[in-house]
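*Asks:* Predicted model, plus sequence, below.
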Amino acid sequence: MMDILMIAAWTAFAAGIAAYAAIVSGQVAYVTLADGRRQERSIPFSFKLLLPFAVNFRKMFSSPKFAAKIEEADKKLVSAGFEGLIDGREFMALKILSPLVLGAVWCLAILMLGTVIPDSLFVSMRLELCIAGTVLLAVQPDLWLKQCIKRRHDSIMKSLPFVLDVLTLSVEAGMDFIHALQRNCASRKMDPLNEELLRMTKEIQVGSSRKAALKGMADRTGQSDLKAVARALVQADELGVSLGPILRILSDQMRARRFSRAEKLAGEAPTKMLGPLMLFIFPAVFIILLGPILAEAAKGIF
């Protein structure tokens, strides 16, 4: 009777976990843009599972000793485009929950596989596999956030020269800078650069100065090219210089930077291809050239 109850309890537990995972997998994460629209954001499935439990750590991370780390996490999350979706305390909680909860599941799975397949790698190396999996889960949040920031910065870097060209033509044609920004945001698809420009224009419309809005955009993104553009526009605004020539110079500089980055990546390509070349191409050539000879030799022996 006890065995039946235990089986029923474990079955109900597994069914509950499966139902919770199914509900969470169907949820879509959104952030609210400056104009009220909602933009979808991609969050790993494991984070969706753990985020409801992050509130339990909020009191612990309210301590002043965590203030610097939480502020840094908030800044990175804003730079990655997750402002209003995940805050610094929740991210710090994910860094604890990921190795604790998911690491325990990983270790349990390794032990169960070792039981099912007793003569496998899972038995002889189960301790090493458990430690390696837990360490990877511990650094996963930081790696994910770093990748999100890099992806957003790359998108801004690719879009910036074209946007500067459009703004240059608009300003030189006699259009006001803010009006040119609004027209640009309305005509382009919503990408990371467009989101930041839209927010900047909304901040200016509600009373912020152009200097404060530009500095705020540069601080939020942390992207080097956009920070250079914002700094140049602030200086031009302070000195009263016409924006048309400044925008044209900036667009040329951004395009030159993008070409130099492309040339650098192209120069690194042969070095990066050396590993696959040694691992796959040389053995394949060796087999193709010596394969028939070895086959004939094998026929003579056997």
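*Replies:* In hand now; what should we look at? Residues are numbered from 1 along each chain as shown.

*Asks:* So the chain: which segments form each domain?
*Replies:* Domain segmentation of the chain under automatic domain parsing yields 16-150, 155-259.

*Asks:* So which of the ones you listed is nearest residue 288?
*Replies:* Judged by C-beta to C-beta, the one of those that comes nearest to residue 288 is domain 16-150, at 32.5 Å. All C-beta atoms are positioned from the backbone trio N, CA, C, and that covers glycine.

*Asks:* What mean pLDDT does that closest one get?
*Replies:* For domain 16-150, the mean per-residue pLDDT is 83.

*Asks:* in stretch 191-199, what's buried?
*Replies:* Neighbour-count burial for stretch 191-199 flags 191-199 (criterion: 16 or more other C-beta atoms under 10 Å).

*Asks:* Stretch 48-68 now?
*Replies:* 48-51, 54, 57, 61, 66.

*Asks:* for residue 197, helix, strand, or coil?
*Replies:* helix (DSSP: H, G, I helix; E, B strand; the rest coil).

*Asks:* if we can go back for a sec, dump the domains of the chain into a markdown table; add distance to residue 269 as well.
*Replies:* Shown next, in a markdown table, are the domains of the chain (distance: least, C-beta to C-beta, whole Å):
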| stretch | distance to residue 269 |
| --- | --- |
| domain 16-150 | 19 |
| domain 155-259 | 16 |
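
*Asks:* Comparing these, which stretch has the densest surroundings?
*Replies:* Each of the domains of the chain was scored by mean neighbour count; the highest is domain 155-259, a mean of 17, by mean count of other C-beta atoms under 10 Å.

*Asks:* can you give me the mean pLDDT across that domain?
*Replies:* 86.

*Asks:* and the end-to-end length of that domain?
*Replies:* This stretch, domain 155-259, spans 15 Å end to end (C-alpha to C-alpha, to the nearest Å).

*Asks:* Give me the distance from that domain to the chain's centre.
*Replies:* With C-alpha atoms, centre = their mean, to the nearest Å as the basis, domain 155-259 stands 23 Å off its chain's centre.

*Asks:* I figured residue 160 hits residue 225, correct?
*Replies:* Yes: between residue 160 and residue 225 there is a contact under C-beta atoms under 8 Å: 5.5 Å.

*Asks:* for the helix or strand where residue 270 lies, packing partners?
*Replies:* Secondary structure from DSSP states H and E places residue 270 in helix 243-276. Packing partners of helix 243-276 (3 or more C-beta pairs under 8 Å, 6 or more residues apart in numbering; DSSP states H and E): helix 126-172, helix 224-239.
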